[in-house]
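Q: sequence plus predicted model, see below.
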Amino acid sequence: MSASAPPVALPGDPPGGRRAVLVWSVGVAVYFVAVIFRTSLGVAGLDAADRFHVNASALSTFSILQLLVYAGMQIPVGLLVDRLGTKTMLTIGAVLFTAGQLGFAFSPTYGMALASRALLGCGDAMTFISVLRLGTRWFPARRGPLVAQLAGLVGMAGNLVSTLVLARLLHGVGWTTAFAGSAFAGVLVLVLMLVFLKDHPKGYEPEPLTHRGAAYVRRQIAASWREPGTRLGLWVHFTTQFPAMVFLLLWGLPFLVEAQGLSRATAGDLLTLVVLSNMVVGLVYGQVVARHHAARLPLALGTVAVTAVTWAAVLSYPGVGGRAPFWLLVVLCSVLGACGPASMIGFDFARPANPPERQGTASGIVNMGGFVASMTTLLAVGVLLDVTGGEFRVAFSAVFVLEAVGLWQILRLRKGAARRERERLVASRVTTVHVPAQT
């Protein structure tokens, strides 16, 4: 056997190609619409407070309930996508989040609106994990970091639609027409998915799962959790995602308008800057991690540090009325754009730590991290705003508490995860199959 013989792809490693891009694009389109619906409240927070006559705590309950349902569904969704496949889960998700958006459009009361956001959160919960699994089934493993970052980038494009399009519709045609009209996007992607989406390329069918019942569920969860890479991924996601999520999902617009004295139009532009920054940084992070695996943790920790420093500068700025200069708000929004791409690195710790049959479960565990942190911070900010009479400096101090908790866990787990990953890498090299060079 020639020493120059290249290793063939490991068994089950899909080839990618144009067909993979087409199918994956349909799945990502579903996630794109889910993010539009998820973040639609971020540009309608002040309108919702007026429509339903609620205070800051009650307003935050919309997003908290939505994220509570989302986070609580992650492990069940991970288990179900491993068993039922991507197409089935995305279909159910699209039906639910479209129904939730329609219900929110026509809700006459606060209680009905809450129920609609919960339904939306349930459908949204089924999208991202399914799209991640779709990527692992259609693209080779070496493309995993870039494919995941691109999925996150497309999701942020959905956020861009919320800040640019839905916000203008809301103030142009009114609450009901804007939200009901946006729901048609859910119907469109549902049709596209039913026609074009396939779980995997022909000839790359996964091994059938023969185990069922509670014992199987416990084994899947326990095996995923035992892997240090899964736990490290969860805490990376927890620590990096929530500052931008809280800002975009609900409290960014009120903070910029009420605390910083900006107009709604200018505040909307800054929210758009967060999204655009996310898209640019996502492309950079995806390329860096795909080429330099060791850069994962420095990128995540660096993002946490810069985010904390920038927030501290904004909140402690000794300006008139506590208002930061516009250039510093621009820096803040640019830095917050890195939080989403940094959170995607969490999946890059869990992916190599788990076999294909556990990818959905492991991804679900990781994805819980950022949404639990976001939900906790949304609640803390709302309560602190009510207690302090609208003092945003005090309310946003909750960001530093959550970042400190997450940072401690990352530092605690990093060595064990690195050691376990090295062991798996050595084992995979031993089992790699080579073929003779062609003459």
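A: Ah, there it is.
Q: tell me where the protein has strands.
A: Counting by DSSP state E, one finds no strands in the chain.
Q: what about it, any weak spots by pLDDT?
A: Confidence mapping of the chain against pLDDT under 70 gives the ranges 1-12, 203-213, 319-321, 427-439.
Q: can you show me the helices along the stretch 251-400 of the chain?
A: Read by DSSP state H, counting those that start in this stretch, the stretch 251-400 of the chain holds these helices, from start to end of the chain: 252-254, 264-291, 296-315, 326-336, 339-350, 359-388, 392-395, 398-431.
Q: list the contacts of the first one.
A: Spelled out, that is helix 252-254. G42, V43, G45, L46, A56, V246, R264, A267, G268, L270, L271, V274 (CB atoms under 8 Å, 6 or more residues apart in numbering). Bear in mind the C-beta positions are built from the backbone N, C-alpha and C, glycine included.
Q: sorry, back to before: return the most buried member of the helices of the stretch 251-400 of the chain.
A: Comparing these on average neighbours per residue, with mean count of other CB atoms under 10 Å, the densest one is helix 339-350 at a mean of 28.
Q: just want the angle from that helix to helix 398-431.
A: For the pair helix 339-350 and helix 398-431, the angle between their directions (axes from the mean of the first three to the mean of the last three CA atoms, to 10 degrees) equals 40 degrees.
Q: C-alpha coordinates for helix 339-350, CSV please?
A: Provided in CSV are the C-alpha atoms of helix 339-350 (Å, rounded to 0.1, in the frame of the first residue of the first chain):
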residue,chain,number,x,y,z
CYS,A,339,-22.7,36.5,20.5
GLY,A,340,-24.8,34.3,18.2
PRO,A,341,-21.8,32.9,16.2
ALA,A,342,-19.9,32.3,19.4
SER,A,343,-22.8,30.3,20.8
MET,A,344,-22.7,28.0,17.7
ILE,A,345,-19.2,26.9,18.8
GLY,A,346,-21.0,25.0,21.6
PHE,A,347,-22.3,22.6,19.0
ASP,A,348,-18.7,22.1,17.7
PHE,A,349,-17.8,20.7,21.1
ALA,A,350,-20.8,18.3,21.3
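Q: and it, what does it pack onto?
A: helix 144-161, helix 228-246, helix 264-291, helix 296-315, helix 359-388 (3 or more CB pairs under 8 Å, 6 or more residues apart in numbering; DSSP states H and E).
Q: contacting residues for M73?
A: Applying CB under 8 Å, 6+ apart to M73 gives the contacts G121, C122, A125, M126.
Q: adding distance to H200 and neighbour count as columns, could you present those residues in a markdown table?
A: A markdown table is the format used below for these (distance: CB to CB, whole Å; neighbours: other CB atoms under 10 Å):
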| residue | distance to H200 | neighbour count |
| --- | --- | --- |
| G121 | 28 | 28 |
| C122 | 25 | 21 |
| A125 | 22 | 29 |
| M126 | 18 | 30 |
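Q: ok, so of those residues, who is nearest V23?
A: Distance to V23 across the contacts of M73 (CB to CB) is lowest for M126, with 17.6 Å.
Q: could you give the number of residues near the closest residue to that closest one other than its chain neighbours?
A: Ranked by CB to CB, 6 or more residues apart in numbering and with sequence neighbours excluded, the top spatial neighbour of M126 is G93, at 3.2 Å. Residue crowding around G93 was assessed by other CB atoms under 10 Å; the count is 27.
Q: right, and G93 touches G121 too?
A: No. With contacts defined as CB atoms under 8 Å, G93 does not count as touching G121, sitting 10.6 Å away.
Q: now for the contacts of helix 252-254: which two are most distant?
A: Put simply, by CB to CB the two of the contacts of helix 252-254 set farthest apart are A56 and V274, 21.1 Å from each other.
Q: coming back round to it: ok, the residue nearest to M126 to A105 distance?
A: Here G93 is placed at a distance of 19 Å from A105 (CB to CB, to the nearest Å).
Q: just give the closest residue to R264, not the sequence neighbours.
A: Distance criterion CB to CB, 6+ apart; nearest residue to R264, sequence neighbours excluded, is V257 at 6.0 Å.
Q: residue contacts, the closest residue to T240 other than its chain neighbours?
A: With CB to CB, 6+ apart as the criterion, T240 has its nearest non-adjacent residue at 3.9 Å, and that residue is A342. Residues touching A342, when contacts are defined by CB under 8 Å, 6+ apart, comprise V236, T240, Q241, Y285, L299, A300, T303, V304.
Q: do you know how far the fifth one is from H292?
A: Right, the one you point to is L299. Using CB to CB, L299 is found at 9 Å from H292.
Q: just R424 next, same as before
A: 18 Å.
Q: now do V280
A: Counting by CB to CB, the gap from V280 to H292 is 19 Å.
Q: give the contact list for the closest residue to F400 other than its chain neighbours.
A: Of all residues beyond its chain neighbours, the one nearest F400 is A308 (6.3 Å), with distances taken as CB to CB, 6+ apart. Taking CB under 8 Å, 6+ apart as the definition of contact, the neighbours of A308 are V399, F400, E403.
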